[in-house]
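> With the input below, show me the fold.
(chains A, B and C)
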Amino acid sequence: MIPLEKIPFAGTVPSPQTENEGMITGNWRTRRPILDVDKCTDCRICWISCPDSCINVSDTAPLTFNLKYCKGCGICNEVCPVGAISLVPELDFED
Amino acid sequence: MGVKKRISGCVATANAVKLADVDVICSYPIRPYTGIMSELARMVADGELDAEFVHGEGEHGQLSVVYGASAAGARTFTGSSGVGVTYAMEVYSPISGERLPVQMAIADRTLDPPGDFGSEQTDALCCRDQGWIQGWAATPQEALDNTLMYYRIGEDPRVLLPQYACQDGYFVSHILGEVDIPDAAQVKEFLPPYKNHHVLDPRKPQIIGAQMEPKMGPGMQYQRYLAIEGARKVIEEVHEEFGQIFGRKYAPWVEEFMTDDAEVAIFMQGGHSTTCKTVVKRLRNLGEKVGLVRLRTFRPFPTEQVREALSKFKAVGVVDNSVNFGISGGAGVLLTEARTALYGLGDKVSTVGFVGGLGGEMITHEEFYKMFQILKEVAKAGKAERQSYWLPYEL
Amino acid sequence: MLEEIKSIKKAPIEEYYVPGHRTCAGCGPALQYRLVAKAAGPNTIFIGPTGCMYVANTSYSCGPWAVPWIHAQITNGGAVASGIEAAYKAMIRKHKTDAEFPNIIVMAGDGGSADIGIQALSAAFYRGHNILFIAYDNESYANTGIQTSPTTPYGAWTTFTPAGPVVPEGKKLMPKDLPKIMAHGHPELKYLATASLAYPLDLMNKVRKGLNAQGPAFLYVHAPCPKGWSFPADKTVEIGKLAVETGMFQLYELVDGEYKLTYKPREFRPVAEYIKLQGRFSHLKPEHIEKLQQFANGRLQEVGIEVSVPVQ
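Here you go, the predicted structure:
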């Protein structure tokens, strides 16, 4: 039984600001994207093509992947024009 | 102070909507409630009311428009009759479940078939489980007053529920009555601006209506149940306040008419009660101990107050002005609800159901006389031979 | 007024559709939602009629929008948006709020825009509300497990149009052309365009143009669906590109009553190249594929492209 105070009033919840922890999806992955920094030209096509907003870009550092949410769909690997992203089986990693 | 005019229920409702300074109105034509919208359109065009008058594409669209408008923080108004009311059915639960205090005027009308423009309470009664405040006005004055009271009740932060302000089609919506139209200052004192905490505002972003998982279901529904039950207290407070400010004190639950020392009574809601009152007066002049109990608020149903009012009599005739085919007891909704209220009193009060006024026909004086005759016999016998009568065929 | 985004690198960094939603890996509609939210910015209210972009995004009791969002029925996205728009107009005019008028964006699937939602959409546009209505087309009722909708292409397998000996093509009917329905006969229409998630810069700029239009704006977005169309999750963008390259989806804007093409390949590729990558078309015979080629040619002709691609 969910206590009444925990039921959102009128089915209304505050909007998230940077991530929606109500649905963490990183554990869906069977393959993890890995960046080859030397090949990357920072064109950002992968960033704009990620349905889950899971690529973090910056003007000062190489891009990183948000592994808490990344589903491993592989679109980034497909769209990268220089093949800088590869997909490695998730089971190869300790974490 | 107020202005006295002789106007119809439709025009009276429009005047109340104007006094409530509604922000968004969504119209769609269907008899007999259309007169409310035409009057509001005139008020907007003449500069008497500043509101967005949106021409809905249908009744489902009307309710959807006011759902959005209320969620954005506006005070809203819409209405319908007959099959229009049932066409919008999908949207009623989302509105009450998301606690948006929209008001819908229903000038009731038969559903198809017969689909004639006459009055039946069936259309509005189809919505009785949707979690809205609901009640019938029996006069144009009451239509105006209910409109104002319902906004106050529905928008109260302890309630936050939408309301069906019902009135009998034609009998109340079109026949003229004396109406005291309050002035804006009185209404301002009675009805504060609409403020809701869960609104669509980019400055404070919220997600309204996310899908809930099954385990949240019981709690969500229970919350709504608590809201409509909690409205009882607010309904009483608001009626008291209304009486103080406007000088018209309505009984919040049941209006008792000549019930002191009555042995039998009619229990009903809506405009046909006016006919019944005439018959009660005449029978009283002839020495008959009869009375009328008129239900003013149908949802939340005042179980305790109805039991208290009806337990005084030996026999009660419940008049249902609706079709509820196949229902327990063979009459209509009010019969079953009255009987539930009387449950526990055993055989103390006999109840008989009368289904009348269908198709928009009058319930005639003669029919009321016959009903009281039957009730007298039931009171004498101590029980009812027959549970229900469909007027006029079975009377 | 929202400015044109000149390049991907100049696109706003801020996300208003944040990570954390139960959409399929590689979900086309999710990608376009993210791009729309990015282009629209923080002063936005989304209306979400029932569909994948409601159910998959709000499971459970949460959502990925950093801006206000409200659920609508699948039937009434246009109507709910109209109500919000009217409310803000009234409240601002009557000084009942000091908020600025927001972007009001409906995000409806093909069902909620071309089928059960078309009445509310058309009425909102007839009335001239200042809203942006986005129809994201994944060519089926996807959320309920892939059933046919009026935009499902001829020959596509869905659970309501399975292929079998009695119906060898699966879906027999040609799809509705929703942008054309919206383009003609709504006098208050201010902006209309088609877009695709495979052309993200174009999509975002069309969103901004729609929002800048200060009246009813309609955007029809092609959103390939890996689950419904049976292709691997990483091919979503590629399928989107192929749709445009073969003419199965046309990119254009309505400007002064004329169709202005956004992108026209030098040579159109045969429709067969698009079809063979999707499992939903795997049952098609050459005669069915030819019909689809004719369909694509016909749609291209309607927007002013004369083309004749031989069937492969």
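> going forward, measure contacts and count neighbours with C-alpha atoms only.
Fine.
> what about residue 60, which helix or strand?
All of this is about chain A. Using DSSP states H and E, residue A:60 falls within no helix or strand.
> Chain C was what I was after
Per DSSP H and E, there is no helix or strand for residue C:60.
> quick one: contacts for it?
Remark: with contacts taken as Cα atoms under 8 Å, 6 or more residues apart in numbering or on different chains, residue C:60 is in contact with A:22-23, B:210-213.
> ok, of the residues you listed, which one's closest to residue C:153?
residue B:211 (30.0 Å; Cα to Cα).
> returning to what we had before: just the buried ones from the contacts of residue C:60?
A:22-23, B:210-212 (16 or more other Cα atoms under 10 Å in any protein chain shown).
> any idea how far chain B is from the residue nearest the centre of chain A?
By Cα atoms, centre = their mean, the mean C-alpha position of chain A lies nearest to residue A:54, the distance being 2.7 Å. Separation of residue A:54 from chain B (Cα to the nearest Cα, to the nearest Å): 22 Å.
> mind listing what the residue in the stretch 251-395 of chain B positioned nearest to chain C touches?
Chain C sits closest to residue B:299 of the stretch 251-395 of chain B, with a gap of 25.4 Å, by Cα to the nearest Cα. Contacts for residue B:299 (Cα under 8 Å, 6+ apart) come out as B:128, B:132-135.
> hang on, isn't residue C:270 packed against residue C:309?
Yes. Contact criterion Cα atoms under 8 Å: residue C:270 and residue C:309 qualify, at 6.1 Å.
> Look up phi and psi at the nearest residue to residue C:235 once chain neighbours are set aside.
Nearest non-adjacent residue to residue C:235, counting by Cα to Cα, 6 or more residues apart in numbering or on different chains: residue A:75, 6.4 Å away. With angles defined as degrees, to the nearest 10, residue A:75 sits at phi -60, psi -40.
> Enumerate every residue touching residue A:75.
Contacts for residue A:75 (Cα under 8 Å, 6+ apart) come out as A:46, A:49-50, C:26, C:233-237.
> before we move on, what SS does residue C:193 have?
Judged by DSSP: H, G, I helix; E, B strand; the rest coil, the three-state class of residue C:193 is strand.
> just curious, which of the contacts of residue C:60 is nearest to residue C:209?
residue B:210 (29.2 Å).
> if we can go back for a sec, so the residue of the stretch 251-395 of chain B closest to chain C bridges to which residues?
Going by DSSP bridges, residue B:299 is paired in beta bridges with residue B:134.
> Over to residue C:47?
residue C:70, residue C:106.
> what about the closest residue to residue A:33 other than its chain neighbours, helix or strand, and which?
Nearest residue to residue A:33 in three dimensions, chain neighbours excluded: residue A:87, at 4.6 Å (Cα to Cα, 6+ apart). Element membership of residue A:87, judged by DSSP H and E, is strand A:85-89.
> Which positions in chain A make contact with chain C?
Within chain A, the positions near chain C by Cα under 8 Å from any Cα of the partner chain are A:8, A:11, A:13, A:15-25, A:43-45, A:48-54, A:69, A:71-79.
> So which of those sit within strands?
Among the residues of chain A next to chain C, the members falling in strands (DSSP state E) are residue A:13.
> Looking at the residues of chain A next to chain C, which are in helices?
If you go by DSSP state H, the residues of chain A next to chain C have A:45, A:48, A:75-79 in helices.
> Among these, find the one with the greatest number of neighbours, please.
The most crowded member of these, judged by other Cα atoms under 10 Å in any protein chain shown, is residue A:76 (28 neighbours).
> how close does that residue get to residue A:48?
Counting by Cα to Cα, to the nearest Å, the separation of residue A:76 from residue A:48 is 9 Å.
> same deal with residue C:193?
21 Å.
> Check residue B:293 too.
Distance of residue B:293 to residue A:48, computed by Cα to Cα: 69 Å.
> Return the members of the residues of chain A next to chain C classed as buried.
For the residues of chain A next to chain C, a burial check counting by 16+ other Cα under 10 Å picks out A:8, A:11, A:13, A:15-16, A:18-25, A:44, A:48-54, A:69, A:71-79.
> what about residue A:36, neighbour count?
Residue A:36: 12 neighbours (other Cα under 10 Å).
> Indicate the residue of the stretch 151-300 of chain C located nearest to chain B.
In the stretch 151-300 of chain C, the residue that lies nearest chain B is residue C:186 (14.2 Å; Cα to the nearest Cα).
> Give me the local confidence score for the residue nearest to the centre of chain A.
pLDDT recorded at residue A:54 is 98.
> check contacts around it.
A:47, A:65-67, A:69-70, C:19.
> Chain B: which of these is nearest?
Nearest to chain B, judged by Cα to the nearest Cα, of the contacts of residue A:54 is residue C:19 at 15.5 Å.
> my guess is the closest one meets residue C:64, correct?
Yes. Counting by Cα under 8 Å, residue C:19 touches residue C:64, with 6.5 Å between them.
> Common neighbours of the two, please.
Common neighbours of residue C:19 and residue C:64 (Cα under 8 Å, 6+ apart) are A:19-20.
> how about the strand holding residue A:87 as PDB, C-alpha atoms only?
Extracted in PDB, the C-alpha atoms of strand A:85-89 (Å, rounded to 0.1, in the frame of the first residue of the first chain):
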ATOM      1  CA  ILE A  85      32.700   5.600 -32.000                       C
ATOM      2  CA  SER A  86      32.800   1.900 -31.500                       C
ATOM      3  CA  LEU A  87      30.400  -0.400 -29.700                       C
ATOM      4  CA  VAL A  88      31.900  -2.800 -27.100                       C
ATOM      5  CA  PRO A  89      29.900  -5.600 -25.500                       C
END
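> what pairs with it, and is each one parallel or antiparallel?
Here strand A:85-89 is paired, per DSSP bridges, with strand A:31-35 (antiparallel).
> quick check, distance from the strand it pairs with to the centre of its chain.
Going by Cα atoms, centre = their mean, to the nearest Å, the spacing between the C-alpha centre of strand A:31-35 and its chain's C-alpha centre is 10 Å.
> any idea of the mean pLDDT in that strand?
Strand A:31-35 comes out at a mean pLDDT of 97.
> ditto for stretch B:35-46
Averaged across stretch B:35-46, the pLDDT comes to 98.
> Sort out which residues of it are buried, please.
B:35-41, B:43-44.
> for it, the distance to its chain's centre please.
Centroid separation between stretch B:35-46 and its chain, computed with Cα atoms, centre = their mean, is 23 Å.
> do the same with stretch B:337-351
Relative to its chain's centre, stretch B:337-351 lies at 23 Å (Cα atoms, centre = their mean).
> what's the span of that stretch, first residue to last?
End-to-end distance of stretch B:337-351 (Cα to Cα): 11 Å.
> buried set for it?
B:337-339, B:341-342, B:348-351.
> One more: stretch C:186-193?
Neighbour-count burial for stretch C:186-193 flags C:186, C:188-193 (criterion: 16+ other Cα under 10 Å).
> got it, and stretch C:217-230?
By neighbour count on 16+ other Cα under 10 Å, the buried set for stretch C:217-230 is C:217-229.
> ok, of those, which one's closest to chain A?
Distance to chain A across the buried residues of stretch C:217-230 (Cα to the nearest Cα) is lowest for residue C:226, with 10.3 Å.
> you'd agree that closest one is up against residue C:232?
Yes. Taking contacts as Cα under 8 Å, residue C:226 lies within contact range of residue C:232: 6.1 Å.
> Spell out which parts of chain A neighbour chain B.
Proximity of chain A to chain B, by Cα under 8 Å from any Cα, involves residues A:1-4, A:7-15.
> how many neighbours does residue 68 have?
Using chain A. Count around residue A:68 with other Cα under 10 Å applied: 15.
> To clarify, I was referring to chain B.
Neighbour number of residue B:68 under other Cα under 10 Å is 30.
> Good, we can wrap up now.
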